[in-house]
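In: Model the following, please.
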Amino acid sequence: MRLSQVQGPDLYIHSIQEAIHSHPQGRYHHRLHVVLMALRLHNAKEASAIYQEPLRTVQHWMQRFFEKGLGGLQDEMISGRPCRLSEKQKQDLKTDLLRSPRFVGYAQNNWDGKLLSHHIQKTYHISLQVRQCQYLLHSLGFTLQRPRSVPKGDPEKKAEFKKKRISS
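Out: Sure thing, here's the model as predicted:
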């Protein structure tokens, strides 16, 4: 089949570009192709036009390639904001979390984000939001535990109800 006979090539082009850009290695290979084309043509502007990438982006990839080699075209790690607690504080906090909140001086039975936020503020004078504390619990290897509710009522009637349900 000839390319001139293909109807709607833009749809195919878009889906191929999506596949390249959605896969981590696809993005790396795309950068390799663009840099290779720029080197072959001795012209970043033409390569950017062929691959429909902004000229500044191609120039940036070229600079990274010349400075760091092939590794410069890999996706860079994005670290995010550093934790406000030091490693020592995290270890001390983990020790506290292994104990019941009652042992540390609180009236609750289980640790949750709100209580942990209060504890960190009181102990380390660092203010963390409840959601940040929930993430911190998870990063320290803990899970949020919810107490089960106990049904209220007469225990004899509950036992009789269970017996009737099982025998039916």
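
In: C-alpha from now on. contacts and neighbour counts both.
Out: Fine.

In: for this structure, which spans come out with low pLDDT?
Out: The chain contains residues with pLDDT under 70 at 1-6, 8-9, 148-151, 165-168.

In: what's the domain layout of it?
Out: Listed domain ranges for the chain are 10-73, 87-139 (source: automatic domain parsing).

In: end-to-end on the last one?
Out: The separation between the terminal residues of domain 87-139, taken as Cα to Cα, to the nearest Å, is 12 Å.

In: Compute the number of surrounding residues for L140.
Out: 13 (other Cα atoms under 10 Å).

In: In terms of helices and strands, where is the nearest residue to it once chain neighbours are set aside?
Out: In this structure, L140 finds its nearest non-sequential neighbour in K94, 6.9 Å apart by Cα to Cα, 6 or more residues apart in numbering. Assigned by DSSP states H and E, K94 belongs to helix 87-98.

In: Would you mark the buried spots in the helix or strand just after that helix?
Out: Tracing the chain C-terminally past helix 87-98 and defining elements by DSSP H and E, one meets helix 101-104 next. Under the neighbour-count criterion of 16 or more other Cα atoms under 10 Å, helix 101-104 has P101 buried.

In: cool, stretch 62-71 as well?
Out: Buried residues in stretch 62-71 (16+ other Cα under 10 Å): M62, R64, F65.

In: who touches that stretch?
Out: For stretch 62-71, contacts defined as Cα atoms under 8 Å, 6 or more residues apart in numbering pick out V35, G72, L73.

In: Tabulate the buried residues of stretch 62-71 (TSV), appending secondary structure and distance to L11.
Out: Converted to TSV, these look like this (DSSP: H, G, I helix; E, B strand; the rest coil; distance: Cα to Cα, whole Å):
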residue	secondary structure	distance to L11
M62	helix	29
R64	helix	32
F65	helix	32
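
In: Ok, which of the domains of the chain comes nearest Q145?
Out: For these, proximity to Q145 was assessed by Cα to Cα; domain 87-139 is nearest, at 7.0 Å.

In: ok now that closest one, how far from the chain's centre?
Out: 22 Å (Cα atoms, centre = their mean, to the nearest Å).
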